[in-house]
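Enquirer: Predicted structure and sequence below. I'll ask about it afterward.
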Amino acid sequence: MKQISIQGIFLFICALFAFQSCSKKLLLSGTVTSADNGQRIKGIKVSMIKPSLLYASDTFYKTEGWDHVITNNKGEFSFDVWYETSYGWVFFEDIDSMENGFYKNKSVRIGITSQNEIEVNIKLDKVK
Amino acid sequence: MKTITIYNVAFAVITLFTVAAPATIAAQNNTEQQTETTAEVQKKAISLTNIHEVNISYGDCFFANDVLLPYNYTTFGIFSVTYQYHLKKWLSVGATLSYIPSHKEHYKTIYDNTGGDDFLINDEHTTLYRNNLSFATDIRFYFYNNGLIRMYGGVALGYMFEFSKDDFKSNIFFQPTFFGFSVGKKFVFGCEVGCGLKGIFNTYIGYKF
């Protein structure tokens, strides 16, 4: 019984140490604006795509299941992303189609080194 | 809600111990002394000398870095001042004031194509500071105490306040001390294994009077 208690305490301490070796988290934030008039666009789906998921996916633009958020009324977005790699892709998709204008999808490759936060301010072109 | 209620009740009980118990014990001692023999009184006098104890302690940073502090904030240790009032050979109550200084290196990269077709990339670096102050009442149970060497376990319950440039938070917290060891009659050296505002491993020096 005594031995089990000591083992339990030891395992608990080891588990706390193991916490530090997990993948890191960064805050991805920014704004989406229209290239035509500079107005902020709401309802844009912003996805963070990691290379591991990119290779695993058979369709490049299929972003279901990836970390994502929808821009708010001010065209702003903000969400936490867990990563283990040195780069990733941020995809911007207009999922509400014609509601507030229809915009072309766009992506930006971001390098991830030791940042705690990455801000992406992007303008999207309207579909003519 | 239920958890907070239990914590509040426990907090009140420990506070009651800290404030009311010394007076109760003193009154109890008066009545007991009338029936005790001289030898017993002398023995008790020896055991009840140095009933006050003040400790200054340093706790490791692992628990604070991984659990207590917000993500990416790090500290190099936890500093505490503890007062203990020894009610019995097997029991003491007291209060602890802890301080955790912490900081975070904030690296931010900004990608911006709103001013043109190409993305402009800017890197920003700032250092953010955060201070964590906590006050707790605690209780220790000594399962071995020969006056020179003591071994004990205990619990502490209190409030933690977090200050930063643009944020303030307060939380109730609970800290168990699984095992504590101290040696010394007047000058005390000790260490503890626990989990909470004093870290996992905690070492201290103190004075009994």
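Expert: Cool, got the structure.
Enquirer: For chain B, which residues are neighbours of chain A?
Expert: For chain B, the residues in contact with chain A (C-beta under 8 Å from any C-beta of the partner chain) are B:62-63, B:65-67, B:71-72, B:104-114, B:119, B:178, B:193, B:195, B:200. (C-beta placed from N, C-alpha, C; glycine too.)
Enquirer: May I see the ChimeraX selection of the buried members of the residues you listed?
Expert: Burial among those is assessed by 16 or more other C-beta atoms under 10 Å in any protein chain shown; the matching ChimeraX selection reads:
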select /B:62,63,65,66,72,104,107,108,109,110,111,112,113,119,193,195,200
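Enquirer: from the residues of chain B next to chain A, which ones fall inside strands?
Expert: B:104, B:105, B:106, B:107, B:108, B:109, B:110, B:111, B:112, B:178, B:193 (DSSP state E).
Enquirer: and residue 68, what does it touch?
Expert: Chain wasn't specified; assuming chain A. A:45, A:46, A:47, A:48, A:79 (C-beta atoms under 8 Å, 6 or more residues apart in numbering or on different chains).
Enquirer: meant chain B actually
Expert: Per C-beta under 8 Å, 6+ apart, neighbours of residue B:68: B:100, B:132, B:160, B:197.
Enquirer: lowest average confidence, helix or strand, in the chain?
Expert: I'll assume chain A. Ranking every helix and strand in chain A by mean pLDDT, DSSP states H and E puts helix A:51-56 at the bottom, with a mean of 52.
Enquirer: where does the chain have low pLDDT?
Expert: As the question left the chain open, I've gone with chain A. Low-confidence segments of chain A (pLDDT under 70): A:1-6, A:9-10, A:12-24, A:50-66, A:97.
Enquirer: looking at chain B here, not the other one
Expert: For chain B (pLDDT under 70), the answer is B:1-49.
Enquirer: where along it do the strands fall?
Expert: Under DSSP E, chain B gives strands at B:52-59, B:78-86, B:91-112, B:120-145, B:149-164, B:167-183, B:187-194, B:201-208.
Enquirer: Can you name every helix or strand that the fifth one contacts?
Expert: Of the remaining helices and strands, those touching strand B:149-164 by 3 or more C-beta pairs under 8 Å, 6 or more residues apart in numbering or on different chains; DSSP states H and E are helix B:2-35, strand B:120-145, strand B:167-183.
Enquirer: Please apply the same query to the fourth one.
Expert: With contacts defined as 3+ C-beta pairs under 8 Å, 6+ apart, the secondary structure elements packing on strand B:120-145 are helix B:2-35, strand B:91-112, strand B:149-164, strand B:167-183.
Enquirer: got the CA coordinates for the second one in CSV?
Expert: The C-alpha atoms that make up strand B:91-112 are tabulated as CSV, following Å, rounded to 0.1, in the frame of the first residue of the first chain:
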residue,chain,number,x,y,z
LEU,B,91,-1.3,20.4,15.2
SER,B,92,-0.5,23.9,14.1
VAL,B,93,-2.4,26.5,12.2
GLY,B,94,-1.2,29.6,10.4
ALA,B,95,-1.2,31.8,7.4
THR,B,96,0.9,32.1,4.2
LEU,B,97,1.6,34.9,1.9
SER,B,98,3.0,33.9,-1.5
TYR,B,99,4.4,35.9,-4.4
ILE,B,100,5.0,34.7,-8.0
PRO,B,101,6.7,37.1,-10.4
SER,B,102,6.3,36.0,-14.0
HIS,B,103,6.9,37.3,-17.5
LYS,B,104,6.3,36.4,-21.1
GLU,B,105,8.3,37.1,-24.2
HIS,B,106,5.7,38.0,-26.7
TYR,B,107,6.7,37.5,-30.4
LYS,B,108,4.2,38.7,-32.9
THR,B,109,4.4,38.5,-36.7
ILE,B,110,2.1,40.7,-38.8
TYR,B,111,1.3,39.7,-42.4
ASP,B,112,-0.4,42.6,-44.2
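Enquirer: Strand B:78-86 and that strand, what's the angle between them?
Expert: Interaxial angle, strand B:91-112 versus strand B:78-86 (axes from the mean of the first three to the mean of the last three C-alpha atoms, to 10 degrees): 160 degrees.
Enquirer: and the angle from strand B:91-112 to strand B:120-145?
Expert: Using the same axes, to 10 degrees: strand B:91-112 against strand B:120-145 is 170 degrees.
Enquirer: Can I get the contacts of residue A:68 in TSV including distance to chain B?
Expert: Below are the contacts of residue A:68 laid out as TSV (distance: C-beta to the nearest C-beta, whole Å):
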residue	distance to chain B
A:45	18
A:46	12
A:47	15
A:48	13
A:79	14
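Enquirer: Would you mind listing which of those residues are buried?
Expert: The neighbour-count test (16+ other C-beta under 10 Å) applied to the contacts of residue A:68 identifies A:45, A:46, A:47, A:48 as buried.
Enquirer: contact partners of the longest strand anywhere in chain A?
Expert: Across chain A, the longest stretch assigned as strand under DSSP E is strand A:24-34. Residues outside strand A:24-34 that contact it (C-beta under 8 Å, 6+ apart): A:39-41, A:44, A:46, A:48, A:71, A:74-84, A:90, A:92, A:101, A:103, A:112, A:115-124, A:126, B:71-72, B:111, B:114.
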